[in-house]
Every structure is written in C-alpha cells, then in structure tokens.
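1. Pasted the sequence and its predicted model underneath.
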Amino acid sequence: MIEKIGKDLLDRITKLDKFSLYELDDYIHSLIGRRVTYIQRPSKCGQPHCKKCRVEGIGHGLYWFAKFRHEGRQHMVYIGKAKREINIMEVMKKKKEKKQKSKKRG
C-alpha cells in the first residue's frame, strides 16, 4: 500500500517537523473523516449535597460523549442526552475560542 505513495513523498514526509505532521494529519482527515467514538456514561453535577454524586454515588443519567484525537491529544466532548454526530473541526474551533475568552478575562 505504501509503495503507491512513492519513495520521494515518503522521504519528504519523514523530514517534516511535528507541527507540520499535525497539519498534514488534519488535512488528510478532512478528506477521509476522523474517527470518533461515541460513548454513554453517567455525569456528576458537582453539588456538595447531591445524593447521586457523592463519592460512592453513580451520578446522573447516561449522557453521550464523543472521544477523538486531534493534534496528538485525546479529547472528550459532552453531547447530551440524545446522540448526534459532531464535526471535530467545529468542536476544536469552539474550544479554542472559549480558551481565548477565558484568557482575556483572567
């Protein structure tokens, strides 16, 4: 399979720095789609007196989360009670905007 890519191209790819490889990875996955794993799990609200969320408690409901890798890091995103498909690039854009807003405030 790799023989179809060509030795010259493979040599050029192996010489790329880490950041360029992440950009290439993002580009390739924009063409073929990125793998997303959808899971259901309970969630804890964080209220100190909540009976469902105590240390031994099970938490609230079963909620959908999406797990995926982006730029070498694993991410998990809350979806909600109903399962829906996510666009990873949109999710990462929103995360980046949220992070920038929090830096401006604090």
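-> Yep, that arrived.
2. Scan this protein for its longest helix.
-> helix 88-105 (DSSP state H).
3. Show me how the protein divides into domains.
-> Using automatic domain parsing, the domain parsing of the chain gives 1-33, 34-106.
4. Among the ones you listed, show me which one is buried the most.
-> Ranked by mean neighbour count, the domains of the chain are led by domain 34-106 with a mean of 12 (mean count of other C-beta atoms under 10 Å). Backbone N, C-alpha and C define where each C-beta goes, glycine included.
5. returning to what we had before: contacting residues around the longest helix of the chain?
-> Helix 88-105 is contacted by residues Asp26, His29, Ser30, Arg34, Val36, Ala66, Phe68, His70, His75, Val77 when judged by C-beta atoms under 8 Å, 6 or more residues apart in numbering.
6. How about stretch 53-65?
-> 38-47, 50-52, 76-84.
7. helices and strands of this structure: which one has the lowest mean pLDDT?
-> None of the helices or strands of the chain scores lower by mean pLDDT, DSSP states H and E than helix 18-32, at a mean of 83.
8. Val36 versus the residue nearest the centre of the chain, what's the distance?
-> Closest to where the C-alpha atoms of the chain average out (C-alpha atoms, centre = their mean) is His75, at 3.4 Å. Separation of His75 from Val36 (C-beta to C-beta, to the nearest Å) stands at 10 Å.
9. Could you tell me which residues touch both of those two?
-> Lys67, Phe68.
10. Kind regards, and thank you for your time.
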